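model this:
(chains A, B and C)
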Amino acid sequence: MLLAALELVGIAAFAASGAVAAVRARLDVFGVVVLALTTALGGGTIRDVLLGVHPPAALVNWPYLAVAGGTGLVVSWAHPTVARLRRAVLLLDAVGLGLFVTGGTATALALGAPPYAACLVGMTTGIGGGALRDLLLREIPLVLRREIYAVAALVGAVVVVVGHQLGLPAALVSPVGSALIVGLRLLALWRDWNAPVPGKLDG
Amino acid sequence: MLLAALELVGIAAFAASGAVAAVRARLDVFGVVVLALTTALGGGTIRDVLLGVHPPAALVNWPYLAVAGGTGLVVSWAHPTVARLRRAVLLLDAVGLGLFVTGGTATALALGAPPYAACLVGMTTGIGGGALRDLLLREIPLVLRREIYAVAALVGAVVVVVGHQLGLPAALVSPVGSALIVGLRLLALWRDWNAPVPGKLDG
Amino acid sequence: MLLAALELVGIAAFAASGAVAAVRARLDVFGVVVLALTTALGGGTIRDVLLGVHPPAALVNWPYLAVAGGTGLVVSWAHPTVARLRRAVLLLDAVGLGLFVTGGTATALALGAPPYAACLVGMTTGIGGGALRDLLLREIPLVLRREIYAVAALVGAVVVVVGHQLGLPAALVSPVGSALIVGLRLLALWRDWNAPVPGKLDG
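Coordinates of the predicted model:
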């Protein structure tokens, strides 16, 4: 119940991030909706393909599609009132990342995946949709660029797995993990706090 | 039988669209063949991965590979006689889309997928190969650019699903759905009939 | 045992090729590690998804991740001592290709795939990781560009399958196949030995 509700919030956040990025790239309304769907449902679909859940949840639960597609439509029409789109994409992306990593990790644990695999599946769930969004718009994925990204996802996934190992209730652990991810991402963005870059190379 | 024959025609059409795009991008003969294979077999492989068909049909049925690879070779050698390649890519892409969406939807229904999921799987089957083609050549996928594309796929998938629900014979419904998709795409291309683009943004 | 050891060597080679490419693209340390992981584990993950192995081996065997991630870290810090990076990427890519194609083909045969499908799965295992690396860095994949690449993978896969059909020991056949692939790739690179490119086109 909690997981399902959080997943819908995460879907809306990622759908909005995909839709805003698509609007910025001057795609038409259908392109915006397709990118909203891909960003929002891509991570969970990759998760289900990896875990052998056929067909993936995104393809059989219409609320997922309705929320993602509806968010895409709303962004298409409402975006002129959105002031700072670049910042909005990054904020929404952080929220989506936080919710998807913990949701994906919890889903993997519920399906019996070992802790180690659950971490990786959770990270993939969170990173996959945004990576597809960036690939489709021909940008090098956020996760590979200069901000703390993969490490925030890792921290959140580890929190969920450790909490599960300790027998703590998911209703407590998942929000803590999500908040940590969002907080780390926003800190990294607002303080321009990056991972070190390997030294300059000869071309 | 009808489905299998139509699928081979769709494979040849998509293979040709991938091969022509690869020739335009100045790839070598093997690159052209690989792109023909990816474009032609990618959508069906994604479909089988989503539906849990292991290994995917494209990997166990050699006629699929022979038709796709053979088409790639033929395009490699015969292309100088092709006059208008840009137009040819778009036309072949439309034919492939029409055949793959209805074929994918029918396959999903035959495997017991609910109507809603069958629509999505059918659309993915049709859109997947072309999206891979464009990604590999570093173009923003056709489906996201300014022409009616996803909506044509949706219309064809819905026709197949509704026909299936009404108990109409697939031999009737699939060609109608395919023709509708091809017609919508060609109309959109030839009349420059696009979906609305969200209003201009501040950078 | 032999297969497992070879697979770890191949993982390290591909991880290094991904990491060096990421360093060249000026990614940060985490980006370098993520690209090392994707390049090293992407092909095997695609193989397992195609063959229906859930969850994929890369997600449940921590040595794979440790080797790939560790190689990424080492390259991040040690790269200034690496003199000719462009050449290093291509050499490591050839070694990874050789080991992954034969390993993937052997795995598919061991899981009961027919010879024809085993060839394709093996080629995909070898080509997939490098293709993901190039896609993520927004380059047209090596496999599609002007050097002999797919054909080298095909030759190696056929050697493994024919050896398997003849009942020869895998410990003999796999190294021969790998060496053939690496040799073909290096020959193609060092002699600038390319496949023919279809003739010049109008616009």
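
From now on I want contacts and neighbour counts done on CA atoms only, so please keep to that.
Noted.

what stretches of chain A score poorly on pLDDT?
For chain A, applying pLDDT under 70 flags the ranges A:1-3, A:6, A:80-86, A:146-147, A:192-203.

which parts of the helix ranked longest in it are buried?
Among the elements of chain A assigned as helix by DSSP state H, the one spanning the most residues is helix A:85-110. Of the residues in helix A:85-110, those buried by neighbour count under the rule 16 or more other C-alpha atoms under 10 Å in any protein chain shown are A:85, A:88-109.

Mind giving me the packing neighbours of the host helix or strand of A:W77?
Secondary structure from DSSP states H and E places A:W77 in helix A:62-78. For helix A:62-78, the packing partners by 3 or more C-alpha pairs under 8 Å, 6 or more residues apart in numbering or on different chains; DSSP states H and E come out as helix A:2-24, helix A:29-51, helix A:57-60.

Point out the most buried one among those helices.
Counting by mean count of other C-alpha atoms under 10 Å in any protein chain shown, helix A:29-51 has the highest mean neighbour count of these, with a mean of 28.

pull the CA atoms of that helix into PDB?
Provided in PDB are the C-alpha atoms of helix A:29-51 (Å, rounded to 0.1, in the frame of the first residue of the first chain):
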ATOM      1  CA  VAL A  29       3.000  16.800 -27.500                       C
ATOM      2  CA  PHE A  30       3.200  13.100 -28.400                       C
ATOM      3  CA  GLY A  31       7.000  13.200 -28.100                       C
ATOM      4  CA  VAL A  32       6.600  14.800 -24.700                       C
ATOM      5  CA  VAL A  33       4.200  12.100 -23.500                       C
ATOM      6  CA  VAL A  34       6.400   9.300 -24.900                       C
ATOM      7  CA  LEU A  35       9.400  10.700 -23.100                       C
ATOM      8  CA  ALA A  36       7.300  11.100 -19.900                       C
ATOM      9  CA  LEU A  37       6.300   7.400 -20.200                       C
ATOM     10  CA  THR A  38       9.800   6.200 -20.900                       C
ATOM     11  CA  THR A  39      11.400   8.200 -18.100                       C
ATOM     12  CA  ALA A  40       8.700   7.200 -15.600                       C
ATOM     13  CA  LEU A  41       8.200   3.500 -16.500                       C
ATOM     14  CA  GLY A  42      11.700   2.700 -17.900                       C
ATOM     15  CA  GLY A  43      13.400   2.000 -14.600                       C
ATOM     16  CA  GLY A  44      10.600  -0.300 -13.300                       C
ATOM     17  CA  THR A  45      10.400  -2.100 -16.600                       C
ATOM     18  CA  ILE A  46      14.200  -2.800 -16.500                       C
ATOM     19  CA  ARG A  47      13.800  -3.900 -12.900                       C
ATOM     20  CA  ASP A  48      11.000  -6.400 -13.900                       C
ATOM     21  CA  VAL A  49      13.000  -7.700 -16.900                       C
ATOM     22  CA  LEU A  50      16.000  -8.300 -14.600                       C
ATOM     23  CA  LEU A  51      13.900 -10.000 -12.000                       C
END
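
Is it in proximity to chain C?
Yes - for helix A:29-51 and chain C, the contact criterion (C-alpha under 8 Å from any C-alpha of the partner chain) is met by A:49-51.

Return the distance of stretch A:143-158 from the chain's centre.
11 Å (C-alpha atoms, centre = their mean, to the nearest Å).

Convert the C-alpha atoms of it to CSV, please.
What follows is stretch A:143-158, C-alpha atoms only, in CSV (Å, rounded to 0.1, in the frame of the first residue of the first chain):
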residue,chain,number,x,y,z
VAL,A,143,24.5,9.7,-13.8
LEU,A,144,27.7,9.8,-15.7
ARG,A,145,28.2,13.6,-15.5
ARG,A,146,29.9,15.6,-12.9
GLU,A,147,27.4,15.5,-10.0
ILE,A,148,27.1,13.0,-7.2
TYR,A,149,24.4,10.6,-8.5
ALA,A,150,25.3,6.9,-8.4
VAL,A,151,26.6,7.3,-4.9
ALA,A,152,23.4,8.9,-3.6
ALA,A,153,21.4,5.9,-5.1
LEU,A,154,23.8,3.5,-3.5
VAL,A,155,23.4,5.1,-0.1
GLY,A,156,19.6,4.9,-0.2
ALA,A,157,19.7,1.3,-1.4
VAL,A,158,22.0,0.3,1.4
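
State the helix or strand in which A:V53 lies.
Secondary structure (DSSP H and E) places A:V53 outside all helices and strands.

In contact with it: list those residues for me.
For A:V53, no contacting residues are found, by C-alpha atoms under 8 Å, 6 or more residues apart in numbering or on different chains.

so how far is A:A40 from it?
Using C-alpha to C-alpha, to the nearest Å, we find A:V53 at a distance of 18 Å from A:A40.

what do you get for A:A13?
Taken as C-alpha to C-alpha, the span from A:A13 to A:A40 is 8 Å.

What's the separation between A:G122 and C:G112?
A:G122 is 31 Å from C:G112, by C-alpha to C-alpha.

Could you check which of those two is surrounded by more residues?
More crowded of A:G122 and C:G112, by other C-alpha atoms under 10 Å in any protein chain shown: A:G122, with 32 against 12.

contacts for stretch A:141-159?
Everything outside stretch A:141-159 that qualifies as a contact, by C-alpha under 8 Å, 6+ apart, is A:97-98, A:101-102, A:105, A:118-119, A:122-123, A:126-127, A:130-132, A:134-135, A:173, A:176-178, A:180-182, A:184-185, A:188-189, A:192-195, A:197, C:27-28, C:30-32, C:34-35, C:136.

again, but for stretch A:5-24
Stretch A:5-24 is touched from outside by A:31-33, A:35-41, A:64, A:67-69, A:71-72, A:75-76, A:79, A:85, A:88-90, A:92-93, A:95-97, A:99-100, A:103, A:129-130, A:133, A:137, B:198, B:201, B:203, with contacts defined as C-alpha under 8 Å, 6+ apart.

In contact with the residue nearest in space to the middle of chain A, which residues are there?
Centroid check for chain A by C-alpha atoms, centre = their mean gives A:L97 as the closest residue, at 3.3 Å. Each residue near A:L97 by C-alpha under 8 Å, 6+ apart is listed here: A:10, A:14, A:126-127, A:153, A:178, A:181-182.

Can you report how many residues neighbour A:V158?
Number of residues near A:V158 (other C-alpha under 10 Å) recorded here: 22.

Return the helix holding A:W77 as PDB; C-alpha atoms alone will do.
Provided in PDB are the C-alpha atoms of helix A:62-78 (Å, rounded to 0.1, in the frame of the first residue of the first chain):
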ATOM      1  CA  TRP A  62      -3.100   1.100 -16.000                       C
ATOM      2  CA  PRO A  63      -2.700   3.600 -13.100                       C
ATOM      3  CA  TYR A  64       1.000   3.800 -13.800                       C
ATOM      4  CA  LEU A  65       0.500   4.700 -17.400                       C
ATOM      5  CA  ALA A  66      -2.300   7.100 -16.600                       C
ATOM      6  CA  VAL A  67      -0.200   8.900 -14.000                       C
ATOM      7  CA  ALA A  68       2.800   9.100 -16.300                       C
ATOM      8  CA  GLY A  69       0.900  10.000 -19.400                       C
ATOM      9  CA  GLY A  70      -1.300  12.500 -17.600                       C
ATOM     10  CA  THR A  71       1.700  14.200 -16.100                       C
ATOM     11  CA  GLY A  72       3.200  14.400 -19.500                       C
ATOM     12  CA  LEU A  73       0.100  16.100 -20.900                       C
ATOM     13  CA  VAL A  74      -0.100  18.500 -17.900                       C
ATOM     14  CA  VAL A  75       3.500  19.600 -18.400                       C
ATOM     15  CA  SER A  76       2.900  20.100 -22.100                       C
ATOM     16  CA  TRP A  77       0.100  22.600 -21.400                       C
ATOM     17  CA  ALA A  78       1.200  24.100 -18.100                       C
END
